[in-house]
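1. A structural model of the following input is requested.
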Amino acid sequence: MRVRYSSKLWYGLVAYLASVGGTVLLASELDRPWAVLLLISAAVLAVIVWGRQEWIPAFPRYPVTRVTFFKRSSFIHWFVLLSAFLVALAGDLRYLAVPKETFGLAGLLWLASIGFLLWSSFVWSQSTPDYTHELHLPRWTAWEMVIFASLLLVALLARIWNLTGFPDNIYPDEVMTGTVATQSYINPTGRSPSVFSTAWSGIDLPALWFWIVGWFVKVGGSSLAMLRLPAALFGAATAVPLYGLIRGTWGRYAAISGTAILAFSASNIHFSRLALNNITTQFFWTVCFFFLLRGLRSRRPFDWIFAGLSAGLSEYFYYGTRLLPFILILYFCYILIFHWKQGRDYLMNFGLLAAGYLIGFGPLLVQFIRHPHLYFGRGASLMIWSPHVTASFQDLQNAWKTVWPVIRENFLGMSTHNSQDIIYYAPLLLPAEAAILVLGVALLVWRWRHPAAFLMLISGLGVLFVGGTLVAYSNSVPPLINHWTPAFPAFYVALAVPIGAWATSAKVELPTKVRWVVPATLTVGLSLLGWANLNFYFHDYYADPASLRSGSYISAQQNYEVQTAQSRYRSSLGPGYHVFTIGKGSPAYDATTMRYLVAKQQWTMLNNPPAELPSIAVEKNGLAFLFFAGNEQYRELVHKLYPGGADGEVTTKSGKHLFYTYVITPAQAEAIHK
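-> Below you'll find the model as predicted:
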């Protein structure tokens, strides 16, 4: 009898084990058909077991009261909102008239319009009925608050601890971000550019990101840690709206699980620890989706306006956010078509979201209207296939041949194939996590009529298809996980859904005396996943050129590998050394990178070692000599001229030789000087 009553508990475990087996088999090309069959079977079993489980409804149970425009209080609120819109418009016109002001009056009017909009919508919401209490959302308990705070702490520490040391590889675009920020807002040659313009010629990212990075570097000092800190804070902050997003539809256990996976996910930690703005999009999208779904339940103006504001503000960061307007339009069409009875009551709310979007977008929208190629130009120029209506079967076949191999590689990039973006050198998820993802996607697809499920599906699949499949570089091969970052919230929701479903079914089926097994099992399972992710990233992860398949990317990463190792080694010596690179053909010295690692360290290239080595002026600074491939023969001469030093070798994590070293400490140098 007990087995029958606990059937969903055990069938859920069987589905997960089958999914794990399929995920592991994906690594073998010969076993891949069996792997796909296992994954499909696991997905079907998950739907059978949990497909009818109740989710928290997206709409109020009873018809809502429509807001009447001609009611005096409503008229006042609309007037205030219109005033906020006019203030924003004044800021846009000011920017149009004086586009070279760094922030100026246009920025002040933009901030004023945002503050005015939030205040007015908040006051309006106080007089609007809140229907969320009818949905019986789980109440916050003391232990849940403790867990939530702990998850935030883990997310923060995993992203800010030793930012200089991890990741070890220093991606050139990180250094370029610092260079653009420095030249634009710290030590500009002329007037600092407007934060509502774009920066970095040829890349054309919104300048606000570089202003933020420049502010951190200016306040905290010119270091790699300060360069990386803004992205780390955005990555950690995502845990807050993600918890609310998941909790509002799938409950407490799902929210804890999804947020925990975000907190310790190796891929999320990595992109959060880079001085790049890819990870910022997940924060703004999660905030937007949280308030959008909450707005469906509460119908309060504040929720809809805040959803629009967060969407508009996201335009100031990573390119991927430019897909968001299309996702929102598609979502509104879905609501009006498949939930038309409720959807017709939300037309005003859709308008509030659009107003928030436009005000959040602010003067940057004017910049893109003046220069439309800056908005879609980069993405359109990198598309491997131009979307159009296929006119013939041959055209359809050609499109399939172009797109399908990329889709297949993206699927394998979830757990099996390393990312090929030369930024992250591993799959998106560990196999144990990817197995959960399969079950979660199946449940979301099965329950697509639920507005929350549909929103996650179109955001995740939309990013994977457009950014992950259609957009690529000419010399790259898929998967390019750096293009997937806007879809990260959808991934964590998909990971949370089956865990929450299993926990809910287990609590229902298990006797009261043994229900402690549910939180205990989740604690152990999430702890193991957390340890596996953190151990992999902070102990085993390495940017290995051998993991790449593009010849040009392999060559580039081999150069980055040596360059990074040289910079890391020199920074380990400290400023009290004079470093000499011995012989011609040695890798170039990267002065910009060194500026973020160690200050005031002298460096000299000796192209003619036999003539130049004897003439080195030995003073109080220590001496360090670097011998790259082809110049090892000069080690004996250095030993003879400067005896008593220590030999060393710099290798990769896998043991591959990079260069030899010879070091004279400051104390030894001072003795030689005397």
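2. Compute the mean per-residue pLDDT across the helix ranked longest in the chain, please.
-> Using DSSP state H, we find that the single longest helix of the chain is helix 72-97. Mean pLDDT, computed over helix 72-97, is 84.
3. on contacts alone, who are the packing partners of it?
-> Identification of packing neighbours for helix 72-97 by 3 or more CB pairs under 8 Å, 6 or more residues apart in numbering; DSSP states H and E yields helix 104-126, helix 347-361, helix 363-370. No exception for glycine: its C-beta is placed from N, CA and C like everyone else's.
4. Kindly reformat those as a markdown table containing mean pLDDT.
-> Output for those, formatted as a markdown table (pLDDT from 0 to 100):
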| stretch | mean pLDDT |
| --- | --- |
| helix 104-126 | 89 |
| helix 347-361 | 94 |
| helix 363-370 | 95 |
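5. Of those helices, which stretch is the most buried?
-> When you average the neighbours per residue for each of the helices and strands packed on helix 72-97 (mean count of other CB atoms under 10 Å), helix 347-361 leads with a mean of 22.
6. List the contacts of that helix.
-> Helix 347-361 is contacted by residues 67, 81, 84-85, 88, 113-114, 117, 121, 292, 295, 299, 301, 304-313, 315, 325, 328, 332, 365 when judged by CB atoms under 8 Å, 6 or more residues apart in numbering.
7. Can you dump the C-alpha atoms of that helix in PDB for me?
-> C-alpha atoms of helix 347-361 as PDB (Å, rounded to 0.1, in the frame of the first residue of the first chain):
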ATOM      1  CA  LEU A 347      -5.300  46.100 -22.200                       C
ATOM      2  CA  MET A 348      -4.800  49.100 -19.900                       C
ATOM      3  CA  ASN A 349      -2.000  47.200 -18.100                       C
ATOM      4  CA  PHE A 350      -0.200  46.300 -21.300                       C
ATOM      5  CA  GLY A 351      -0.200  50.100 -22.000                       C
ATOM      6  CA  LEU A 352       1.300  50.800 -18.600                       C
ATOM      7  CA  LEU A 353       4.100  48.300 -19.300                       C
ATOM      8  CA  ALA A 354       4.700  49.900 -22.700                       C
ATOM      9  CA  ALA A 355       4.800  53.400 -21.000                       C
ATOM     10  CA  GLY A 356       7.300  52.100 -18.400                       C
ATOM     11  CA  TYR A 357       9.400  50.600 -21.200                       C
ATOM     12  CA  LEU A 358       9.600  53.800 -23.100                       C
ATOM     13  CA  ILE A 359      10.400  55.900 -20.100                       C
ATOM     14  CA  GLY A 360      13.100  53.400 -18.900                       C
ATOM     15  CA  PHE A 361      14.600  53.400 -22.400                       C
END
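8. What ranges does the stretch 501-650 of the chain have for its strands?
-> 577-582, 602-606, 622-627, 646-651 (DSSP state E, counting those that start in this stretch).
9. Distance to P614 added to the helices and strands packed on helix 72-97, as a markdown table?
-> Shown next, in a markdown table, are the helices and strands packed on helix 72-97 (distance: least, CB to CB, whole Å):
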| stretch | distance to P614 |
| --- | --- |
| helix 104-126 | 59 |
| helix 347-361 | 65 |
| helix 363-370 | 59 |
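10. so which of the ones you listed comes closest to L38?
-> With CB to CB as the measure, helix 347-361 is the member of the helices and strands packed on helix 72-97 nearest L38 (41.8 Å).
11. the inter-axis angle of that closest one versus helix 72-97?
-> Orientation of helix 347-361 against helix 72-97 (axes from the mean of the first three to the mean of the last three CA atoms, to 10 degrees) gives an angle of 30 degrees.
12. how far out from the middle of the chain is helix 347-361?
-> Helix 347-361 has its C-alpha centroid displaced from the chain centroid by 25 Å (CA atoms, centre = their mean, to the nearest Å).
13. before we move on, what about stretch 344-358?
-> That offset, for stretch 344-358, works out to 28 Å (CA atoms, centre = their mean).
14. do you know which of the strands of the stretch 501-650 of the chain lies nearest P241?
-> Going by CB to CB, the one of those nearest P241 is strand 646-651, 42.9 Å.
15. Tabulate the strands of the stretch 501-650 of the chain (JSON lines), appending distance to Y660, mean neighbour count and mean pLDDT.
-> Below are the strands of the stretch 501-650 of the chain laid out as JSON lines (distance: least, CB to CB, whole Å; neighbours: other CB atoms under 10 Å; pLDDT from 0 to 100):
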{"stretch": "strand 577-582", "distance to Y660": "9", "mean neighbour count": "23", "mean pLDDT": "95"}
{"stretch": "strand 602-606", "distance to Y660": "15", "mean neighbour count": "15", "mean pLDDT": "92"}
{"stretch": "strand 622-627", "distance to Y660": "4", "mean neighbour count": "24", "mean pLDDT": "95"}
{"stretch": "strand 646-651", "distance to Y660": "5", "mean neighbour count": "12", "mean pLDDT": "96"}
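16. Quick one: closest of these to Q53.
-> Q53 lies closest, by CB to CB, to one member of the strands of the stretch 501-650 of the chain: strand 646-651, at 52.8 Å.
17. check contacts around the nearest residue to W34 once chain neighbours are set aside.
-> Nearest non-adjacent residue to W34, counting by CB to CB, 6 or more residues apart in numbering: L25, 5.9 Å away. L25 makes contacts with D31, R32, W34, A35, L38, as judged by CB under 8 Å, 6+ apart.
18. pretty sure Y660 belongs to a strand, no?
-> Yes - assignment of Y660 by DSSP: H, G, I helix; E, B strand; the rest coil places it within a strand.
19. Quick one: neighbours of it, just the number.
-> Y660: 19 surrounding residues under other CB atoms under 10 Å.
20. and the gap between it and A629?
-> Remark: distance between Y660 and A629 (CB to CB, to the nearest Å) = 10 Å.
21. do P301 as well
-> Separation of P301 from A629 (CB to CB): 66 Å.
22. which one of the two has more residues nearby?
-> Per other CB under 10 Å, whichever of P301 and A629 has more neighbours is P301, with 28 against 14.
23. Find the centremost residue of this structure, please.
-> Nearest to the mean C-alpha position of the chain, by CA atoms, centre = their mean, lies I279 at 2.7 Å.
24. For the contacts of L25, which single residue is the most surrounded?
-> Sorting the contacts of L25 by how many neighbours each has (other CB under 10 Å) puts L38 first, at 23 neighbours.
25. F628 touches Y589, doesn't it?
-> No - the pair F628 and Y589 does not pass the contact test of CB atoms under 8 Å, sitting 11.5 Å apart.
26. For the nearest residue to F264 once chain neighbours are set aside, grab the count of nearby residues.
-> The spatial neighbour of F264 that comes closest, neighbours along the chain excluded (CB to CB, 6+ apart), is G530 at 4.1 Å. A count of nearby residues for G530, using other CB under 10 Å, gives 17.
27. can you check R191 too?
-> 10.
28. which stretch of helix or strand covers N169?
-> N169 belongs to no helix or strand when assigned by DSSP states H and E.
29. Not counting its neighbours along the chain, what's nearest it?
-> The shortest distance from N169 to any residue other than its chain neighbours is 3.7 Å, reached at A543 (CB to CB, 6+ apart).
30. what's the one you found in contact with, if anything?
-> Counting by CB under 8 Å, 6+ apart, A543 touches P167, D168, N169, Y425, Q557, Y560, E561.
31. Ramachandran angles for P206?
-> phi -50, psi 140 (degrees, to the nearest 10).
32. That one bridge partners, please.
-> T198 (DSSP bridges).
33. close enough to count as contact, it and S194?
-> No - counting by CB under 8 Å, P206 does not reach S194; the two are 10.3 Å apart.
34. S28 looks like it's in a strand, true?
-> No - S28: not assigned to a strand; according to three-state DSSP it is coil.
35. Could you pull out the helices in the stretch 501-650 of the chain for me?
-> Taking DSSP state H, counting those that start in this stretch as the criterion, the stretch 501-650 of the chain contains helices spanning 517-535, 551-573, 591-595, 609-612, 635-641.
36. Buried deepest among those, which one?
-> Comparing the helices of the stretch 501-650 of the chain by mean count of other CB under 10 Å gives helix 551-573 as most buried, with a mean of 17.
37. relative to strand 622-627, how tilted is that one?
-> Helix 551-573 runs at 160 degrees relative to strand 622-627, counting by the same axes, to 10 degrees.
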